[in-house]
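1. with the sequence up front, the predicted model follows.
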Amino acid sequence: MSNTDPRPVRRIIASADTDDQVIIHQDEPSPDVRFDPARPGFAATRAWVTTATPAPVAGITETLGEPHTIEPPKGGSVCRFLTIPPDDWFMGTLTDEKVADYFDAMGSPQASRLGTGAPHPYMQQTSSLDYVFVLDGEVTLILDTEQVHLNQGDTVVLLGASHAWSNR
């Protein structure tokens, strides 16, 4: 693994079988990983998707067949892990077309704030509730008029907020 290859995200799925005994259905890296060719080292890994609240739990062993978008399904949720590479790995070669290609590939072109004068090319806005946990390293949360430096262990709750992430 090179320094631009994100670490795999191990995903363990456990639920009750027909005898009501909890068993492990999967214990392996999540197969749903999206990359951004314009950002070497970037990865968006989905671990689980729900399509309703409360989420059904009986008989469910896989949910990654749901459409891939930045936004969760209406009434549902997405558990996603991001690996944010250092800005200096890509900012010098980034173009508007490459950013637009990323949002298209993620199934969410409408989320992009590109061309709106936003403070970062990857600014996005959705009408979702996002819980963000910094698991390793540090990252900067970029908002419309503020920036917040985050460290390992920090938590952010984004309530439909326009935002981007910067690894400086």
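-> Thanks, I have it.

2. ok, Pro40 - contacts?
-> The contact partners of Pro40, taken as C-beta atoms under 8 Å, 6 or more residues apart in numbering, are 4, 85, 89-90. For the C-beta atoms, the positions are set from N, CA and C on the backbone; glycine is no exception.

3. just the closest of those residues to Leu129, please.
-> Top of the list for closeness to Leu129, among the contacts of Pro40 and by C-beta to C-beta, is Pro85 at 25.9 Å.

4. now do the contacts for the closest one.
-> Applying C-beta under 8 Å, 6+ apart, the residues near Pro85 are 4, 39-42, 167.

5. most surrounded residue in those residues?
-> Arg39 (24 neighbours; other C-beta atoms under 10 Å).

6. look up the pLDDT of that residue for me, please.
-> Note on Arg39: pLDDT of 97.

7. pretty sure it is in contact with Trp89, am I right?
-> Yes: contact status for Arg39 versus Trp89: in contact at 7.2 Å, counting by C-beta atoms under 8 Å.

8. overlap in contacts, those two.
-> Looking at what touches both Arg39 and Trp89 (by C-beta under 8 Å, 6+ apart), there is no common residue.

9. let's have the contacts of Pro85 in TSV, adding secondary structure.
-> Converted to TSV, the contacts of Pro85 look like this (DSSP: H, G, I helix; E, B strand; the rest coil):
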residue	secondary structure
Thr4	coil
Arg39	coil
Pro40	coil
Gly41	coil
Phe42	coil
Asn167	strand
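
10. can you put the residues you listed in a markdown table and add distance to Val157?
-> Listed next are these as a markdown table, based on distance: C-beta to C-beta, whole Å:
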| residue | distance to Val157 |
| --- | --- |
| Thr4 | 30 |
| Arg39 | 25 |
| Pro40 | 30 |
| Gly41 | 26 |
| Phe42 | 23 |
| Asn167 | 21 |
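
11. element containing His68?
-> Per DSSP states H and E: His68 is located in neither a helix nor a strand.

12. what's near enough to touch the closest residue to it other than its chain neighbours?
-> Counting by C-beta to C-beta, 6 or more residues apart in numbering, Gly107 is the residue found nearest to His68 once chain neighbours are left out, at 5.1 Å. With contacts defined as C-beta under 8 Å, 6+ apart, the neighbours of Gly107 are 67-70.

13. brilliant, that's me finished.
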